[in-house]
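Q: Following is a predicted model, sequence given first.
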Amino acid sequence: MTNERRVLVHPDKPSLAGSVAARFITKMIDVIEDRGEATVVLTGGTMGISILAAIRDSSARDSVDWKRVNVWWGDERWLPRDDAERNEKQARDALLDHIALDEKRVHPFPAAGEGIELNEASQLYASELASHAAEGSTLPIFDITFLGLGPDGHIASLFPNRGGILEETLSVIAVRNSPKPPPERLSLTLPAINSSLRVWLVVAGADKASALGLTLADVSVHEVPASGAQGRKRTLFFVDNEAAAEVPENLTTPGLFWTGEDA
Ligand SMILES: O=C(O)[C@H](O)[C@@H](O)[C@H](O)[C@H](O)COP(=O)(O)O
């Protein structure tokens, strides 16, 4: 298996969301069968949440043994737990509250207003990751890490020309003065993201075409953080036609018909 990056192009957002949902369900079933459990890292953002809703609405949804699925987040907005803009809240509304998860396996970031401040929250999440780490690691085995892509090329809460994208030691960082509101966030670092077996970027809309084109042109990770995303086994870009406008033809594959051996 090569660790090439593959761009799977879909006609529009609904077909993109439906295709990713179907692949995700299939992959979860395969991994659980193989390892007895599966671990996913969720992302915020409109496409990331749309995919959770598509999983919820899939007729195959409950073929997954959800009580064996571990859920983490790639980043979180530093807001009160029930704030509508919080990634955890949006994920619970879109999917998590509709499936039979084992709540002990669901690991949201800490929230604002619960007696700890941002730096301590990042350390707490790093410790929680470490307490569920695989042998000899500080991180659990992530089977799939979802990422959205910002128009500026950010992933999670790792923004261009900021120190966070260059962090090589910590697994979690506190983010302040975020260019995307809210200003305070928590984020996995690039090494933590790239520890994932599979990184699935979900990208839709004309406003992402430039960032996606630059990402695949391998410009510096400091300028385009997404260019540094690399799963250990597989890195897939699930995109719609609009977002693919600046992707060289030779890098794209029709997403609806790709039967790649291991998504
Ligand atoms: O907390 C967040 O905002 C996300 O984690 C962020 O990384 C998001 O995925 C991108 O900004 C894309 O968001 P859209 O899909 O809404 O453009």
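A: Everything's here; your move. Computed from a predicted structure; not experimentally measured.
Q: ok, the residue lying closest to Pro108 once chain neighbours are set aside - contacts?
A: The spatial neighbour of Pro108 that comes closest, neighbours along the chain excluded (C-beta to C-beta, 6 or more residues apart in numbering), is Glu88 at 4.2 Å. (Glycine included, C-beta is placed from N, CA and C.) Under the criterion of C-beta atoms under 8 Å, 6 or more residues apart in numbering, the contact list for Glu88 reads 73, 76, 81, 108-109, 111.
Q: most neighbours, which of those?
A: Neighbour counts for these, by other C-beta atoms under 10 Å, peak at Glu76, which reaches 28 neighbours.
Q: what pairs with it across the strands?
A: Note on Glu76: beta-bridge partners by DSSP bridges are Leu186.
Q: pLDDT score for it?
A: Per-residue confidence at Glu76 stands at 98 (pLDDT).
Q: again, but for Gly260
A: At Gly260, the model reports a pLDDT of 64.
Q: and if you look at Glu4?
A: Glu4 is assigned a predicted lDDT (pLDDT) of 75.
Q: Next up, the contacts around it.
A: Under the criterion of C-beta under 8 Å, 6+ apart, the contact list for Glu4 reads Thr235.
Q: Swap in 7 Å and give it another go.
A: Going by C-beta atoms under 7 Å, 6 or more residues apart in numbering, Glu4 touches no other residue.
Q: The ligand versus that one, what's the distance?
A: For Glu4, the distance to the ligand equals 23 Å [C-beta to the nearest ligand atom, to the nearest Å].
Q: tell me which of the contacts of Glu88 is nearest to the ligand?
A: Glu76 (7.1 Å; C-beta to the nearest ligand atom).
Q: give the contact list for the closest one.
A: With contact set as C-beta under 7 Å, 6+ apart, Glu76 has these partners: 86-88, 109, 185-186.
Q: what would those residues look like in TSV with pLDDT?
A: Converted to TSV, the contacts of Glu76 look like this (pLDDT from 0 to 100):
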residue	pLDDT
Arg86	98
Asn87	98
Glu88	98
Phe109	98
Arg185	98
Leu186	98
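Q: which residues sit against the longest helix seen in the chain?
A: Taking DSSP state H as the assignment, the helix of the chain that covers the most residues is helix 13-35. For helix 13-35, contacts defined as C-beta under 7 Å, 6+ apart pick out 10, 38, 50-51, 54-55, 58, 60-61, 63-65, 68-69, 143-144, 202, 204, 238, 240, 255-256, 263.
Q: hmm, back to that, figure out the helix or strand that the residue nearest to Pro108 lives in.
A: Taking DSSP states H and E as the definition, one finds Glu88 inside helix 87-94.
Q: ok, that helix near the ligand or not?
A: Yes - in this structure, helix 87-94 sits against the ligand according to C-beta under 6 Å from any ligand atom; the contacting residues are Asn87.
Q: Alpha carbons of that helix, as CSV, please.
A: The C-alpha atoms that make up helix 87-94 are tabulated as CSV, following Å, rounded to 0.1, in the frame of the first residue of the first chain:
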residue,chain,number,x,y,z
ASN,A,87,-17.8,21.5,17.8
GLU,A,88,-18.9,18.9,20.4
LYS,A,89,-22.4,20.3,20.6
GLN,A,90,-22.8,20.3,16.8
ALA,A,91,-21.4,16.7,16.6
ARG,A,92,-23.8,15.5,19.3
ASP,A,93,-26.8,17.2,17.6
ALA,A,94,-25.8,15.9,14.1
